[in-house]
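Q: Mind looking at a prediction? Sequence and model below.
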Amino acid sequence: MAKALLGHVGGPNQRMAAELHRLRQRVCDLEAQLARLEDERADSADDAGHPRTDPSRTARGWPVV
């Protein structure tokens, strides 16, 4: 039954294994890129005194009095 579901008889398909490896590597690369972008965004928000990250400002950017 399992052989029928996989669509082949015999050992693992090298082409499918290579494609799976390539896709897994691409997912890892994209996750790393996302983490870098999130870090850069957090750093730029801190530098700009963004109202969401600056407790001395309101949501509209006005100073808290």
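A: Received, thanks. Numbers count the residues shown, from 1 in each chain.

Q: residue boundaries of the helices in the protein?
A: 2-6, 14-48 (DSSP state H).

Q: Let me know which of those helices is tucked in deepest.
A: Per residue and on average, the most neighbours among those fall to helix 14-48, with a mean of 10 (mean count of other CB atoms under 10 Å). All C-beta spots, glycine's among them, are computed from the backbone N, C-alpha and C.

Q: Show me where the protein dips below the pLDDT cut-off.
A: 1-11, 47-65 (pLDDT under 70).

Q: Try it again at 50.
A: Within the chain, not a single segment meets pLDDT under 50.

Q: Distance of Pro12 relative to Glu38?
A: 36 Å (CB to CB, to the nearest Å).

Q: ditto for Leu23
A: Taking CB to CB, one finds Leu23 at 23 Å from Glu38.

Q: got it, and Ala32?
A: In terms of CB to CB, Ala32 sits 11 Å off from Glu38.

Q: and if you look at His21?
A: 26 Å.

Q: ok, now Glu31?
A: Distance from Glu31 to Glu38, by CB to CB: 11 Å.

Q: same question, Gln25
A: Applying CB to CB to Gln25 and Glu38 gives a distance of 21 Å.

Q: ditto for Leu20
A: As judged by CB to CB, Leu20 and Glu38 stand 27 Å apart.

Q: Equivalent analysis for Arg26, please.
A: From Arg26 to Glu38 the distance is 19 Å (CB to CB).
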